[in-house]
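1. sequence plus predicted model, see below.
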Amino acid sequence: MSFKKIVIPTDGSVFTGPAIDAGIEMAKAVGAEVTALYVLDQSVYSNMPMDAAIVSVYQTLEKEGRNAVKAVRAKAEAAGVPVEERIVEGLPAAAIVALSKDYDLIVMGTLGRTGVSKALMGSVAEKAIEGAKCPVMVVRSAPAKE
């Protein structure tokens, strides 16, 4: 199994930090390139009326996405790993699964939620594991206080 193209989905939160570090470390070890992926989550704004509020929400998410992928870029470049930034629109799990055919490995984070919290929020990582066309490496972060 050869990993030449690794995608690292990020939402810009501190919870994705361990996965970003692991993905870059893996890429450096095997000579792979990484793609920093941010998904503009359509579920946040899809039910809003088309007006100035939706434009503001979209612009905020887009700015968050640019910052998130730039943070991955900075870490990758510091490690000497080739990096590409990619921002797409969609539902995070579905977008990651759809793009998985173009990559050899997905390295992503999870909060490791269980019970009611997981049932209510679902798990992007779990959905990616179920549907991805390539291997998925999940790096657990410290769980958020519930």
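-> Looks like it came in fine.
2. CA atoms only for the strand or helix carrying Val97, dumped as PDB, please.
-> Element membership for Val97 (DSSP states H and E) is helix 92-99. Taking only C-alpha atoms (Å, rounded to 0.1, in the frame of the first residue of the first chain), the coordinates of helix 92-99 have been written out as PDB:
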ATOM      1  CA  PRO A  92     -18.700  17.500   5.500                       C
ATOM      2  CA  ALA A  93     -19.000  13.700   5.600                       C
ATOM      3  CA  ALA A  94     -20.500  13.500   2.100                       C
ATOM      4  CA  ALA A  95     -17.900  15.800   0.600                       C
ATOM      5  CA  ILE A  96     -15.000  13.900   2.200                       C
ATOM      6  CA  VAL A  97     -16.400  10.600   0.900                       C
ATOM      7  CA  ALA A  98     -16.900  12.000  -2.600                       C
ATOM      8  CA  LEU A  99     -13.300  13.300  -2.700                       C
END
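3. how far does that helix sit from its chain's centre?
-> 9 Å (Cα atoms, centre = their mean, to the nearest Å).
4. quick one: strands adjacent to the following helix or strand past it?
-> Using DSSP H and E, the helix or strand that follows helix 92-99 in sequence is strand 105-110. Using DSSP bridges, strand 105-110 pairs in its sheet with strand 5-9 (parallel), strand 136-140 (parallel).
5. looking at the ones you listed, which is buried most?
-> Highest mean neighbour count among the strands paired with strand 105-110 (mean count of other Cβ atoms under 10 Å): strand 5-9, with a mean of 24. All C-beta spots, glycine's among them, are computed from the backbone N, C-alpha and C.
6. tell me the angle it makes with helix 92-99.
-> Angle of strand 5-9 versus helix 92-99, following axes from the mean of the first three to the mean of the last three Cα atoms, to 10 degrees, is 170 degrees.
7. need the CA coordinates for whichever helix or strand comes after strand 5-9. PDB is fine.
-> Next in sequence after strand 5-9, counting helices and strands by DSSP H and E, comes helix 17-30. Only the C-alpha atoms of helix 17-30 are listed here, as PDB (Å, rounded to 0.1, in the frame of the first residue of the first chain):
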ATOM      1  CA  GLY A  17      -4.800  19.600  15.600                       C
ATOM      2  CA  PRO A  18      -3.600  16.100  16.500                       C
ATOM      3  CA  ALA A  19      -4.900  14.800  13.100                       C
ATOM      4  CA  ILE A  20      -3.200  17.500  11.200                       C
ATOM      5  CA  ASP A  21       0.100  16.700  13.000                       C
ATOM      6  CA  ALA A  22      -0.300  13.000  12.400                       C
ATOM      7  CA  GLY A  23      -1.200  13.500   8.700                       C
ATOM      8  CA  ILE A  24       1.800  15.700   8.100                       C
ATOM      9  CA  GLU A  25       4.100  13.400  10.000                       C
ATOM     10  CA  MET A  26       2.800  10.400   7.900                       C
ATOM     11  CA  ALA A  27       3.300  12.400   4.700                       C
ATOM     12  CA  LYS A  28       6.800  13.300   5.600                       C
ATOM     13  CA  ALA A  29       7.700   9.700   6.500                       C
ATOM     14  CA  VAL A  30       6.400   8.300   3.200                       C
END
